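>>> sequence and computational prediction follow.
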Amino acid sequence: MASLTTTATVMEPEISRVGLLDYGTRLRRARLGLLVALIPVLMLFVSFTSAYVVRQGLPSLDPRTNNLIRDWIPVALPRLLLLNTFVLLVSSVSMELARRQIRARAVMETNSTGTGVSSSDPTRMPWLGMTLVLGFAFLFGQWTAWKQLAANGFYVSTTPSSSFIYLLTGAHAAHLLGGVVALLIASVAALLHRSLKTRSIVVDVTAWYWHFMALLWIYIFGLMKFVS
């Protein structure tokens, strides 16, 4: 009986280390998958940038005069885009706090396996929910900015410059919406009491994707603001 107790005591740390290794391996694989998935997204916006810069210097043929004219007319960006930028940056901070919070809980749960220690924390902040609200606020702000552009007479096909504004902001919003969907999935998984480690991996990968979207938006906003 004593030997069984001793064996169980020795195995508990081993189980904990195996669980932690399994969690770390899954997390690294998920991050690698995200990196691979972000490469085509990055290349897409690189191609948009190239087309944006090249199109500014290209003349077009005026069918009325049969002459080449420069039809690139800079569009005044709505000031709301600056507020949207601030909202997205704040959401990136809250997303990072959510990532660190749930990762700490997942590691604590792994280390406390078999020891009776609970990883629950009733005082934790709802950073994930805050990020969701800010994400929706950003998307709503972008939609409102498009309405302001339309109210000023700039539609998708009004000028080449307005076409690129809608293209760049719309493509970014579509990709950010994917991050919002991932956060919704993580939130539903929490309500369904799914594995904390699995939820942690989903939130971790989504957080890095969210940070990428925030940096990408800063780049897009600077491109539209200063290269026009």
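Here it is on my side, so go on. Every value quoted in this text rests on a predicted model; they were computed, and no experiment measured them.
>>> what's around D71, how many residues?
Around D71 there are 14 other residues, counting by other CB atoms under 10 Å. For glycine as for every other residue, the C-beta is placed from the backbone atoms N, C-alpha and C.
>>> for it, phi and psi?
Recorded main-chain torsions at D71 are phi -100, psi 10, according to degrees, to the nearest 10.
>>> ditto for W72
Note on W72: backbone dihedrals following degrees, to the nearest 10 are phi -80, psi 110.
>>> ok, for it, nearest residue in space, not its chain neighbours?
In space, not counting the residues next to it along the chain, W72 is nearest to Q56; the distance is 5.0 Å by CB to CB, 6 or more residues apart in numbering.
>>> this structure: helices as residue ranges?
Across the chain, reading from the start of the chain, the helices by DSSP state H fall at 2-57, 80-111, 127-151, 160-191, 196-226.
>>> hang on, the earlier thing: can you report how many residues lie near the residue nearest to W72?
15.
>>> isn't it right up against M224?
No. The pair Q56 / M224 is not scored as a contact, 11.7 Å apart, by CB atoms under 8 Å.
>>> and the nearest residue to N84 once chain neighbours are set aside, what is it in contact with?
Distances taken as CB to CB, 6+ apart place G141 nearest to N84, at 4.0 Å, with adjacent residues excluded. If a contact means CB atoms under 8 Å, 6 or more residues apart in numbering, then G141 has L80, L81, L83, N84, V87 as its contacts.
>>> from F221, how far out is the third one?
Put plainly, it is L83. Applying CB to CB, to the nearest Å, the value for L83 to F221 is 11 Å.
>>> same check, this time on the last one
Using CB to CB, one gets 12 Å for the distance from V87 to F221.
>>> count the neighbours of the nearest residue to T159 once chain neighbours are set aside for me.
Sequence neighbours aside, I73 is the residue nearest to T159 in space, at 4.8 Å (criterion: CB to CB, 6+ apart). Neighbour count of I73, defined by other CB under 10 Å: 12.
>>> ditto for the one 5 residues further on
Per other CB under 10 Å, the neighbour tally for P78 reads 21.
>>> residue contacts, it?
When contacts are taken as CB under 8 Å, 6+ apart, P78 is in contact with A145, Q148, L149.
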